[in-house]
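Student: Turn this into a model:
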Amino acid sequence: MAKCVLLSTFPLPYHLIGSWTNRYDYLLSQSSQVDYLISPQPAGHHNEYKHIKYIYLKFGNRRGWTKYFYKYRYINYLKIVDSILIKEDKLILKVIDNVRLLKDLHGFLLNKGLRNRCRIVFSQHGYSYFFSSKEGVQFYEMADHLILLTKQSYEFEVGRYSYITSKISILPNGVNSQKFYKLSKEEKNIKKEQLGYKGKKICLWLSQERPKKGLHILLEAWHKSKLRNLNDFVLIIIGTSNNEILGNIHYKGKIPNDQLPEWYQISDFYMFTSLVHEGFSLSLTEALKSGCTVIASELEPLPEILMHGEYGHLIPKPHNPDSWNDVLDLLADNKLPQIEFSRDELDKLYDLENWRIKMNELIREEKQLFDRKSSFIK
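Tutor: Down below sits the predicted model:
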């Protein structure tokens, strides 16, 4: 039977903040479909799961492989795959959002005459790589199976590149429903009081401090809006280097990942002001599952993630502060409805366990498909 090798350029588990590394560590903790893991050595004490063969990278030992080194950036991964193919007849090689590793694998296996013994499954975490036409054709020739996050991403790729023969699946991200969940009204009011926001309506912005995340657009709109002078409204900003209070705008600096759920849970509105095509925002999903009413840019694939307005309010022309000013004024006038779902409904939405089950199914199907065929020649 074909075996699955997961290739990660980050340690699993990863001791620093990393959303996809958390997902894949959870997959490994439960999965029987991943047989090998190739990754850097994790820091400190960590769990190893009995059903997986761990192979940690050793750097600096390139003797006998020098002729390959300058051609392949990930030669250490390639050496290990080559050694596994001595023992295993067929491999499913699972690559996580690293185009250079995909390119190295494909080229190396072709040159060694081993490509027909491997299927490469590639997970793309962004909306698109926005390759040129030539680069796009090359990319799709390298991956046997591409896993995208949204239907809108798929439609964009098909419209952009005229020649796609890879198998394509769509699998949205999943979030841990045991960490990110909606509080009851009573619990929420208690938590607000504990954090110093008793009786406040809270708008939350939480992201990285980069222009493409659109904070500057939101701040301009806030200062123009009726909300700027309302004491019962607060804009909480998390993820920047600032840690100060300016009127009813409260900067909280950077907060550790494990403390974020309570800030989502006390917030009434989540402002997602991205100015670019996101892959599948985890912060937006975490806020949604925590019971926030989401207000987000109407840029693909956000309409799909929010079910075209069923799960949140969409802002057309998000690069224009006036678009956000209009919705902020509706908030000030109590005319923007909060979108309410039960905790049970939100727990089922974009759930990590469902993601794990579906990813396992995709790997299992690849194994079964490969075992039914004698060869796959790219």
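
Student: For A2, what are phi and psi?
Tutor: Here is the backbone geometry of A2 (degrees, to the nearest 10): phi -60, psi 150.

Student: How about I168?
Tutor: According to degrees, to the nearest 10, I168 has phi -130, psi 130.

Student: Any idea what it is bridged to?
Tutor: L146 (DSSP bridges).

Student: contacting residues around it?
Tutor: Going by C-beta atoms under 8 Å, 6 or more residues apart in numbering, I168 touches 145-148, 154, 157. C-beta coordinates here come from the backbone N, C-alpha and C atoms, glycine included.

Student: same question, G253
Tutor: When contacts are counted by C-beta under 8 Å, 6+ apart, G253 touches 238, 240-243.

Student: Now with 7 Å, please.
Tutor: With contact taken as C-beta atoms under 7 Å, 6 or more residues apart in numbering, G253 is in contact with 241-243.

Student: S297 now?
Tutor: S297 neighbours (C-beta under 7 Å, 6+ apart): 272-275, 315, 318.

Student: Compare those residues and tell me which has the most neighbours.
Tutor: For the contacts of S297, the largest number of neighbours (other C-beta atoms under 10 Å) sits with F272, at 29 neighbours.

Student: Settle this for me: it is touching L284, isn't it.
Tutor: Yes - under the criterion of C-beta atoms under 7 Å, F272 makes contact with L284 at 4.8 Å.

Student: who touches both of those two?
Tutor: Joint contacts of F272 and L284 (C-beta under 7 Å, 6+ apart) are 294, 296.

Student: quick one on the thing from earlier: in TSV, list the contacts of G253 along with distance to E193, neighbour count and pLDDT.
Tutor: Converted to TSV, the contacts of G253 look like this (distance: C-beta to C-beta, whole Å; neighbours: other C-beta atoms under 10 Å; pLDDT from 0 to 100):
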residue	distance to E193	neighbour count	pLDDT
S241	28	8	93
N242	25	15	94
N243	22	11	95
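
Student: Output those as JSON lines; include the columns distance to I363.
Tutor: What follows is those, written out as JSON lines (distance: C-beta to C-beta, whole Å):
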{"residue": "S241", "distance to I363": "41"}
{"residue": "N242", "distance to I363": "43"}
{"residue": "N243", "distance to I363": "44"}
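
Student: Which single one of these is nearest to W324?
Tutor: Using C-beta to C-beta, N242 is the member of the contacts of G253 that sits closest to W324, with 19.6 Å.

Student: where exactly do the helices run in this protein?
Tutor: Remark: helices assigned in the chain by DSSP state H are 19-30, 66-69, 75-87, 99-111, 133-142, 151-160, 185-194, 215-224, 260-266, 282-289, 302-305, 321-332, 343-348, 352-372.

Student: what's the angle from the fifth one to helix 99-111?
Tutor: Using axes from the mean of the first three to the mean of the last three C-alpha atoms, to 10 degrees, one finds that helix 133-142 and helix 99-111 are set 60 degrees apart in direction.

Student: which residues make contact with helix 133-142 from outside it?
Tutor: Contacts of helix 133-142 (C-beta under 7 Å, 6+ apart): 99, 102-103, 106, 120, 131, 160-161, 163-166, 378.

Student: Which positions in it come out as buried?
Tutor: For helix 133-142, a neighbour-count test (16 or more other C-beta atoms under 10 Å) marks 136, 139-140, 142 as buried.

Student: hmm, back to that, in terms of distance to F370, which of the contacts of G253 ranks first?
Tutor: Ranked by distance to F370 (C-beta to C-beta), the contacts of G253 are led by S241 at 48.8 Å.

Student: Quick check: the residue nearest to the closest one when sequence neighbours are not counted vs I249, distance?
Tutor: Closest residue to S241 apart from its sequence neighbours, by C-beta to C-beta, 6 or more residues apart in numbering: E209 at 6.4 Å. Applying C-beta to C-beta, to the nearest Å, the value for E209 to I249 is 15 Å.

Student: give the contact list for S342.
Tutor: If a contact means C-beta under 7 Å, 6+ apart, then S342 has no contacts.

Student: CSV please, covering the contacts of S297 and showing pLDDT.
Tutor: Converted to CSV, these look like this (pLDDT from 0 to 100):
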residue, pLDDT
F272, 98
T273, 98
S274, 97
L275, 98
I315, 98
P318, 98
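
Student: So which of those residues sit within strands?
Tutor: Among the contacts of S297, the ones falling in strands (DSSP state E) are 272, 315.

Student: L57: which of the contacts of G253 is nearest?
Tutor: Using C-beta to C-beta, S241 comes nearest to L57 of the contacts of G253, at 33.4 Å.
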